[in-house]
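Engineer: Could you look at this predicted model? Sequence included:
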Amino acid sequence: MKKIAIITGTHRGIGYALAKSFLETGDYLVWGFSRHNSLEHAGFRFFQMDLSTPDFTARLPESLPDCDEYVLINNAGVIEPIRPADQIDSEQLTKIYHVNILSVHLLVAWFLRLTAHRSAKRLVINISSGAGRYPISHWSAYCSTKAALDMLSECIALEYPDIRVYSLAPGMVDTHMQHLIRSYSKEHFPEVDRFKAAFENNLLNDMYFVSKKILHLIKNPETVPRVKISPKDIP
């Protein structure tokens, strides 16, 4: 059985762990969309693209191989700017919206077009955040884009009932993003102590734990009928 997983942000973090986990099964071809690459494997194909620029779509493949299963995982995301809303400039705001929501919408549309009229199993998994489901001070851009991602996922699920769509909030995961959050002073990010405490108390999820949960979800989508989920919803 030939399967393909298309994953954004495979250079590091959850995206890297996902690519590795898919490849370890021996069942999947993996295509990675990212600015940089740190993975070499016979089953992996790297596509260099910057999702913060609207012209990244010019680098998208024009076709997909014939497969029995197609998976799109929109994992790439940025958290900065971390600052009060009145201190965010247009360039920063444009970048985070491009990466966190606009690129996802464009990629989902591309995926839908290229897999239309195929009888294969199709899944879309968008990596969201708890920050899209409750407000965090100084994170107005990140919270807003992740909330938009949740709603985009629900709309796509409604429009295309033959495709399984998820918006997964993975919780606090031990990645570069968490390290970046902890680097802020309390003056510049009032809630930083909560994130430092989670790290110090070993409360962060491991990125491979998250990737294995996602693999299990893909194999058993009938067990999770909701769109907005977290790892604890996956048996």
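Structural biologist: Sure, I can see it.

Engineer: What lies in contact with the longest helix seen in the chain?
Structural biologist: If you go by DSSP state H, the chain has its longest helix at helix 140-159. Helix 140-159 has contacts (C-beta atoms under 8 Å, 6 or more residues apart in numbering) with 74, 77-79, 81-82, 84-85, 88, 92-93, 96-97, 100-101, 104-105, 108, 112, 124, 126, 128-129, 131-136, 163-167, 169, 227-228. In this view, the C-beta of every residue, glycine as well, is placed from N, C-alpha and C.

Engineer: Filter these down to just the buried residues.
Structural biologist: For the contacts of helix 140-159, a neighbour count by 16 or more other C-beta atoms under 10 Å gives the buried set as 74, 77-79, 81-82, 88, 93, 96-97, 100-101, 104-105, 108, 112, 124, 126, 128-129, 131-132, 136, 163-167, 169, 227-228.

Engineer: so where do the helices sit in the chain?
Structural biologist: Using DSSP H, the helices of the chain run over 13-25, 90-97, 103-115, 140-159, 176-182, 192-200, 207-219.

Engineer: in the longest one, what's buried?
Structural biologist: If I follow you right, that is helix 140-159. Neighbour-count burial for helix 140-159, counted by 16+ other C-beta under 10 Å, picks out 140-150, 152-153, 156-157.

Engineer: show me where pLDDT drops low in the chain?
Structural biologist: Counting by pLDDT under 70, the ranges of the chain that qualify are 1.

Engineer: show me what contacts the most centrally placed residue in the chain?
Structural biologist: Against the mean C-alpha coordinate of the chain, by C-alpha atoms, centre = their mean, the closest residue is Asn75 at 1.8 Å. By C-beta under 8 Å, 6+ apart, the contact set of Asn75 is Ile7, Thr8, Gly9, Thr10, Gly13, Ile14, Gly15, Leu18, Ile127.

Engineer: quick one: it from Ala17, how far?
Structural biologist: In this view, Asn75 and Ala17 are 10 Å apart by C-beta to C-beta, to the nearest Å.

Engineer: I'd like to know which of the helices of the chain is closest to Glu62.
Structural biologist: For the helices of the chain, proximity to Glu62 was assessed by C-beta to C-beta; helix 103-115 is nearest, at 8.1 Å.

Engineer: Could you check how far the closest one is from the centre of its chain?
Structural biologist: Its chain's C-alpha centre and that of helix 103-115 lie 14 Å apart, by C-alpha atoms, centre = their mean, to the nearest Å.

Engineer: likewise stretch 70-78?
Structural biologist: With C-alpha atoms, centre = their mean as the basis, stretch 70-78 stands 4 Å off its chain's centre.

Engineer: Give me the distance between the two termini of that stretch.
Structural biologist: Terminal residues of stretch 70-78 are spaced 25 Å apart (C-alpha to C-alpha, to the nearest Å).

Engineer: Likewise for stretch 54-69?
Structural biologist: Stretch 54-69 has an end-to-end distance of 28 Å (C-alpha to C-alpha).

Engineer: Buried residues in that stretch, which are they?
Structural biologist: The neighbour-count check on stretch 54-69 (16+ other C-beta under 10 Å) flags Phe56, Leu64, Cys67, Glu69 as buried.

Engineer: hmm, back to that, so which of the contacts of helix 140-159 belong to strands?
Structural biologist: If you go by DSSP state E, the contacts of helix 140-159 have Asn74, Val124, Asn126, Arg164, Val165, Tyr166, Ser167, Lys228 in strands.

Engineer: That's all I had, so thanks and see you.
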